[in-house]
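> Got a predicted structure here, sequence first:
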Amino acid sequence: MVDPNAMLQGRTRETRIRRDDAGRWFDGDDPIAHPLLTRAFDAWLVPAPDGSGRWCLSNDINWAFVAIEGPPRFVRAVDVSSAITLRLSDGRAVPLDPDTLRQGPDGALYCDVEAGLSARFDSHAAMQLGDLLDEDAEGVFLTIAGRRVRPPTVDDPLGLS
């Protein structure tokens, strides 16, 4: 009979896989550029199950630790034709919750896309909000569902501190 503990001896869940703050995946210093693989990695990215605050890639077969900079998700496109729908880096389409909009110190726009997961709007997605932008005496705002939304500027848009 095979001893499962003996099979796992010397193995680790640590990897050289990482994602930078622009959403680009790497194996060490080597870029991972295949669009289906990077989308799968974005979809598999979840908080590590050990509660360490780290991230891992987890699918139906296995999981492994990865290092990420920046948010766990990116908004790649925005549909403003009726209700605002966000197309995420993991391939999902989710509705925008305007109450979660915020700006980072660099002016980048962020929102929450599910419990505990933030997303940063890439430049393409942010530009798609242009028709919703306006300005008054108080400053710039977005008109969403008939109301003025003024995303606050926060020091830590990921809520990590």
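Great, that's in hand.

> switch to C-alpha atoms for all contacts and neighbour counts from now on
Fine.

> who does the residue nearest to the spatial centre of the chain bridge with?
The residue lying closest to the centre of the chain (Cα atoms, centre = their mean) is R73, at 1.2 Å. Beta-bridge partners recorded for R73 (DSSP bridges): A119.

> mind showing which ranges of this structure have poor pLDDT?
1-12, 160-161 (pLDDT under 70).

> What segments of this structure are helices?
Assigned by DSSP state H, the helices in the chain fall at 4-8, 35-44, 123-127.

> Mind giving me the packing neighbours of the second one?
Other helices and strands packing on helix 35-44, by 3 or more Cα pairs under 8 Å, 6 or more residues apart in numbering; DSSP states H and E, are strand 55-58.

> picking up where we left off before, any chance of the helices of the chain in TSV with mean neighbour count and distance to L142 as columns?
Below are the helices of the chain laid out as TSV (neighbours: other Cα atoms under 10 Å; distance: least, Cα to Cα, whole Å):
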stretch	mean neighbour count	distance to L142
helix 4-8	9	53
helix 35-44	16	28
helix 123-127	15	11
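
> ok, the residue nearest to the centre of the chain to D90 distance?
Distance from R73 to D90, counting by Cα to Cα, to the nearest Å: 7 Å.

> cool, and F65?
Distance from F65 to D90, by Cα to Cα: 18 Å.

> before we move on, what about D99?
With distances taken as Cα to Cα, D99 is found 22 Å from D90.

> from memory the residue nearest to the centre of the chain sits against D42, does it?
Yes. Between R73 and D42 there is a contact under Cα atoms under 8 Å: 7.0 Å.

> what touches both of the two?
Here R73 and D42 have 89-90 as joint contacts, going by Cα atoms under 8 Å, 6 or more residues apart in numbering.

> Could you measure from the residue nearest to the centre of the chain over to L132?
From R73 to L132 the distance is 22 Å (Cα to Cα).

> One more: R147?
11 Å.

> So if I had to pick from these two, which one is more boxed in?
Legend: neighbour count by other Cα atoms under 10 Å for R147 and L132, higher for L132 (13 against 10).

> Return the residues in contact with the more buried one.
L132 is in contact with 142-144, counting by Cα under 8 Å, 6+ apart.

> Which one (most neighbours) among those?
Ranked by the number of neighbours (other Cα under 10 Å), the contacts of L132 place L142 first, at 19 neighbours.
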